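**Q** Take a look and give me a structure for this.
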Amino acid sequence: MSEIPSGVDLMNQISLGELKYKQSNIALEVKEKVSSAMEEIITIGARVRPLKLNGRRIGWIRPLAPSERKILDRMIENEEEKILLVLTHCTTLTEDEVNDLDIYEINSILHRIYSANIADISLFPYISAFCSTQTSQLLWESKHDHTFEQKVITLPDGKSIKLLAPSNHLSLWALLTAIRNRSITRLEESLNLSAIVRAQVGKSADKYVKELVRELNSLKMDQIEPWTEVVDYTKLQSDAPHFEDGFGHSHEDNTVQGLLREMDGMMHGDKHEQLMQQFYNKQVNEAQARERELQIRVQKRRSELATLEDDGSLVVVTDAEVKRREREIRARSQGVVQQSISELASQSDEAPPSSERITKYFEREG
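**A** The predicted structure follows:
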């Protein structure tokens with residue numbers, strides 16, 4: 001069982017940069033995916049993918065780098081010519097093949113290029129962390145001299161895609177890697193110089209040496225700290241909308257691509273359409289159930305009213321007849337009460353006085 005380090009040991013480890021961050025599975029996953037994507041961009045020049053229409057590959061497609069977009073915006077004024085150049089440079093389709101495409105196929109290919117651009121742009125915040133990996137260092141040492149001279153990407157089937165300009169990812173990666181290597185070299189030279197300084201000033205140079213050692217330790221290869229700093233854990237935990245989850249999202253994405261995705265989902269019955277159908281069926285079933293219940297109540301009420309008449313016929317009584325019957329019932333009730341009062345009064349007149357009743361009582365007892 002290892003002993004718990006004292007406070008002094010912890011302070012020394014912190015000052016020397018020996019304490020390590022706890023590994024994060026999310027950060028490791030991001031590191032793996034970004035390293036794979038950046039290696040492909042640096043090695044090939046762009047991320048090329050199969051171009052498919054109706055499930056059949058008709059060529060290859062790649063994203064349009066921001067540096068290439070600037071060249072087209074600066075040199076080409078006609079929008080139709082600009083779209084034609086984008087399609088011919090970002091795909092292996094020829095100009096004649098592009099002209100044979102219909103508007104739906106053109107929009108589909110442009111949507112693929114747009115999605116690839118968004119995917120590449122999302123890599124920019126992680127390039128700084130990628131420079132700290134062993135993969136980046138190996139690429140820098142082996143291929144950075146002639147990477148920017150590559151203008152054509154040769155594909156497995158013999159076709160090729162032209163590059164108008166080097167990718168912005170390459171420029172930023174080369175700049176950050178060069179700055180990182182220069183910083184490491186300067187720190188190593190300063191650490192070597194500190195040995196001479198310490199021999200002259202003694203322990204007074206320890207603080208300076210510890211600072212240099214800590215900075216060098218922070219620049220070691222394949223550390224997890226740079227990735228934990230760039231990963232937005234709050235955004236990962238939030239319920240951000242995922243446009244490819246089978247629902248419309250038309251209120252969150254009102255672009256042409258969003259409308260095309262909404263239309264395609266409506267035609268093929270995506271999750272949104274299935275949910276709306278279930279909601280419609282539920283409303284219809286509830287309305288039918290209420291109608292059946294109402295019919296049952298009406299029939300039950302009619303059967304109850306039919307039993308009130310001997311012949312089973314339903315008699316309709318007007319308001320005037322109801323009021324007349326109420327008056328008769330009221331008059332009949334008043335007549336019964338008057339008769340009862342009269343009978344009680346006659347009985348009281350025929351009864352003998354109380355004194356006579358008492359006398360008869362005593363006489364009978366004697």
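**Q** Verify the contact between residue 163 and residue 170 for me.
**A** No. At 10.3 Å, residue 163 does not count as touching residue 170 under the criterion of Cβ atoms under 8 Å. The way it works is simple: take the backbone N, C-alpha and C, and place the C-beta from them, glycine included.
**Q** and for these two, which residues touch both?
**A** Contact criterion Cβ atoms under 8 Å, 6 or more residues apart in numbering; residues bridging residue 163 and residue 170 by contacting each: residue 45.
**Q** ok, the two, which is more surrounded?
**A** Legend: neighbour count by other Cβ atoms under 10 Å for residue 163 and residue 170, higher for residue 170 (22 against 18).
**Q** Quickly find the element holding that one.
**A** Take DSSP states H and E as the rule and residue 170 turns out to sit in helix 168-201.
**Q** how many other residues sit next to residue 330?
**A** Residues lying near residue 330 (other Cβ under 10 Å) number 10.
**Q** name the element it belongs to?
**A** Remark: residue 330 resides in helix 319-350, with elements defined by DSSP H and E.
**Q** Now do that helix, average pLDDT.
**A** Average pLDDT, helix 319-350: 72.
**Q** now do stretch 49-59
**A** For stretch 49-59, the per-residue pLDDT values average out at 85.
**Q** and that stretch, which residues are buried?
**A** Going by neighbour count (16 or more other Cβ atoms under 10 Å), the buried part of stretch 49-59 is 51, 58-59.
**Q** Please enumerate the helices of the stretch 201-350 of the chain.
**A** For the stretch 201-350 of the chain, helices defined by DSSP state H, counting those that start in this stretch occupy the ranges 206-218, 225-230, 233-237, 256-268, 271-306, 319-350.
**Q** which other residues reach stretch 159-170?
**A** For stretch 159-170, contacts defined as Cβ under 8 Å, 6+ apart pick out 38, 41-42, 45-46, 48, 59-60, 62, 65-68, 70-72, 89-92, 120, 123-124, 127, 147-148, 150-155.
**Q** Restricted to strands, list those.
**A** Counting by DSSP state E, the contacts of stretch 159-170 place 59-60, 152-154 in strands.
**Q** So which of those residues wins on neighbours?
**A** Using other Cβ under 10 Å as the neighbour test, those are led by residue 60, with 20 neighbours.
**Q** Relative to residue 161, how far out is it?
**A** 6 Å (Cβ to Cβ, to the nearest Å).
**Q** Now the common contact residues for these two.
**A** Looking at what touches both residue 60 and residue 161 (by Cβ under 8 Å, 6+ apart), the common residues are 48, 91-92, 155.
**Q** Just the buried subset of those residues, please.
**A** Buried residues within the shared contacts of residue 60 and residue 161, defined by neighbour count using 16+ other Cβ under 10 Å: 48, 91-92.
**Q** and of the buried residues of stretch 49-59, the nearest to residue 202?
**A** When the buried residues of stretch 49-59 are compared for distance to residue 202 (Cβ to Cβ), residue 51 comes out closest, at 69.2 Å.
**Q** Cross-check the contact I'm expecting between the closest one and residue 60.
**A** Yes. Using Cβ under 8 Å, residue 51 is in contact with residue 60, at 5.7 Å.
**Q** so what sits against both of these two?
**A** When Cβ under 8 Å, 6+ apart defines a contact, the residues bordering residue 51 and residue 60 alike are 91-92.
**Q** got a list of what residue 156 touches?
**A** Taking Cβ under 8 Å, 6+ apart as the test, residue 156 contacts no residue whatsoever.
**Q** Got the confidence number for it?
**A** 88.
**Q** That one and residue 109: what is the separation?
**A** The gap separating residue 156 from residue 109 is 20 Å, by Cβ to Cβ.
**Q** Likewise for residue 289?
**A** When Cβ to Cβ is the yardstick, residue 289 and residue 109 sit 51 Å from each other.
**Q** contacting residues for the residue lying closest to residue 228 once chain neighbours are set aside?
**A** Across the structure, with Cβ to Cβ, 6 or more residues apart in numbering as the measure, the residue nearest residue 228 apart from its sequence neighbours is residue 27 (5.0 Å). Applying Cβ under 8 Å, 6+ apart to residue 27 gives the contacts 224, 227-228, 231.
**Q** so how far is the helix or strand hosting residue 27 off the chain centroid?
**A** For residue 27, the enclosing helix or strand under DSSP H and E is helix 25-44. Average the C-alpha atoms of helix 25-44, do the same for its chain, and the two points are 23 Å apart (Cα atoms, centre = their mean, to the nearest Å).
**Q** what packs against the helix or strand just after it?
**A** Following the chain from helix 25-44 toward its C-terminal end, the next helix or strand by DSSP H and E is strand 49-53. When contacts are defined as 3 or more Cβ pairs under 8 Å, 6 or more residues apart in numbering; DSSP states H and E, strand 49-53 sits against strand 56-61, helix 103-121.
**Q** Just the C-alpha atoms of the longest one, please, in PDB.
**A** What follows is the C-alpha trace of helix 103-121 in PDB, where atoms were taken according to Å, rounded to 0.1, in the frame of the first residue of the first chain:
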ATOM      1  CA  ILE A 103     -31.600  20.500 -60.600                       C
ATOM      2  CA  TYR A 104     -32.300  17.900 -57.900                       C
ATOM      3  CA  GLU A 105     -29.000  16.100 -58.500                       C
ATOM      4  CA  ILE A 106     -27.000  19.300 -58.600                       C
ATOM      5  CA  ASN A 107     -28.600  20.400 -55.300                       C
ATOM      6  CA  SER A 108     -27.800  17.000 -53.800                       C
ATOM      7  CA  ILE A 109     -24.100  17.300 -54.700                       C
ATOM      8  CA  LEU A 110     -23.800  20.800 -53.500                       C
ATOM      9  CA  HIS A 111     -25.400  19.800 -50.200                       C
ATOM     10  CA  ARG A 112     -22.800  17.000 -49.900                       C
ATOM     11  CA  ILE A 113     -20.000  19.600 -50.500                       C
ATOM     12  CA  TYR A 114     -21.600  22.000 -48.000                       C
ATOM     13  CA  SER A 115     -21.800  19.200 -45.300                       C
ATOM     14  CA  ALA A 116     -18.200  18.200 -45.900                       C
ATOM     15  CA  ASN A 117     -17.100  21.900 -45.500                       C
ATOM     16  CA  ILE A 118     -18.900  22.100 -42.100                       C
ATOM     17  CA  ALA A 119     -17.300  18.900 -41.000                       C
ATOM     18  CA  ASP A 120     -13.800  20.200 -41.900                       C
ATOM     19  CA  ILE A 121     -14.400  23.600 -40.300                       C
END
